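Trainee: pasting the sequence and the predicted coordinates here, then a few questions.
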Amino acid sequence: MPRIPAGGAELTRDRLVRLLRHRPRTVEELAASVGLTRNGVRAQLGALERDGLVERSGVRHVAGPGKPAQLYRITTGAESTFSAAYPPALSALVATLADRLEPPALHAMFSATGRRMATPRTGSPRVDPASEAKSLLESLGAAVTVRREGRHPMVEGAACPLAEAVRRCPESCELVRSLVAAATGARVITRCEHGDAPRCRFAIH
């Protein structure tokens with residue numbers, strides 16, 4: 001077996017992911033393709049399973065005695081993480097809608113989309129809505145702080161998670177506001193900065 005140089009473990013992990021994106025494979029097949037022992041491949045697959053990128057997908061029966069070979073594949077949810085199409089596709093879709101819809105209809109559409117994205121609230125007691133909003137925006141990739149000055153806390157993002165879309169269509173900011181409002185159950189007022197460097201700023205009431 002060839003020695004893996006510094007950084008080689010990460011390279012091997014990437015090679016395993018690329019192979020599994022094409023079709024499910026066994027440990028034996030993967031080991032032969034990447035030049036690792038079967039135990040080495042199993043260790044990498046275990047880490048990929050813990051990260052939610054790889055899952056077991058049945059077995060392959062082989063001729064002769066012995067147990068069937070376990071098959072591994074990429075998880076359905078992981079496929080979207082490999083795509084670079086989502087930001088430009090969203091931006092182009094938003095621009096097309098902005099060209100075809102009047103502002104009230106555009107606003108209503110983004111508001112409905114944000115509500116659709118939100119996880120419905122249960123009857124449990126409401127926790128601090130500003131903290132909920134912060135966690136939600138961080139889960140979308142924003143870097144967020146909560147400024148508690150005056151009666152109503154302000155949730156502020158270092159950047160907008162939909163920045164590319166908001167640059168072309170500021171109305172799309174309503175999608176994030178509506179999502180935060182539906183998810184927290186609070187009244188959310190937009191104080192966002194638009195332009196070339198959009199920043200989220202929501203007053204939580």
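Mentor: Ah, there it is. Numbers count the residues shown, from 1 in each chain.
Trainee: and stretch 43-59, how far apart are its ends?
Mentor: Chord length of stretch 43-59, first to last residue, is 19 Å (CA to CA, to the nearest Å).
Trainee: in the helix or strand containing Leu97, what's buried?
Mentor: Using DSSP states H and E, Leu97 sits within helix 86-100. Buried residues in helix 86-100, counted by 16 or more other CB atoms under 10 Å: Leu90, Ser91, Val94, Leu97, Ala98. For the C-beta atoms, the positions are set from N, CA and C on the backbone; glycine is no exception.
Trainee: I'd like to know which elements it is packed against.
Mentor: helix 103-117, helix 163-168 (3 or more CB pairs under 8 Å, 6 or more residues apart in numbering; DSSP states H and E).
Trainee: winner for burial among those helices?
Mentor: Most buried of the helices and strands packed on helix 86-100 by mean neighbour count (mean count of other CB atoms under 10 Å) is helix 163-168; its value is a mean of 20.
Trainee: so where do the strands sit in the protein?
Mentor: 25-26, 54-60, 69-74, 144-147, 154-157, 188-190, 201-204 (DSSP state E).
Trainee: is it possible to export those to JSON lines including mean neighbour count, distance to Ser83 and mean pLDDT?
Mentor: Output for the strands of the chain, formatted as JSON lines (neighbours: other CB atoms under 10 Å; distance: least, CB to CB, whole Å; pLDDT from 0 to 100):
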{"stretch": "strand 25-26", "mean neighbour count": "20", "distance to Ser83": "21", "mean pLDDT": "96"}
{"stretch": "strand 54-60", "mean neighbour count": "15", "distance to Ser83": "17", "mean pLDDT": "93"}
{"stretch": "strand 69-74", "mean neighbour count": "19", "distance to Ser83": "12", "mean pLDDT": "96"}
{"stretch": "strand 144-147", "mean neighbour count": "14", "distance to Ser83": "25", "mean pLDDT": "94"}
{"stretch": "strand 154-157", "mean neighbour count": "22", "distance to Ser83": "24", "mean pLDDT": "94"}
{"stretch": "strand 188-190", "mean neighbour count": "17", "distance to Ser83": "29", "mean pLDDT": "96"}
{"stretch": "strand 201-204", "mean neighbour count": "21", "distance to Ser83": "28", "mean pLDDT": "95"}
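Trainee: any chance of the ones you listed in TSV, plus distance to Arg116?
Mentor: Below are the strands of the chain laid out as TSV (distance: least, CB to CB, whole Å):
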stretch	distance to Arg116
strand 25-26	37
strand 54-60	27
strand 69-74	27
strand 144-147	22
strand 154-157	21
strand 188-190	16
strand 201-204	19
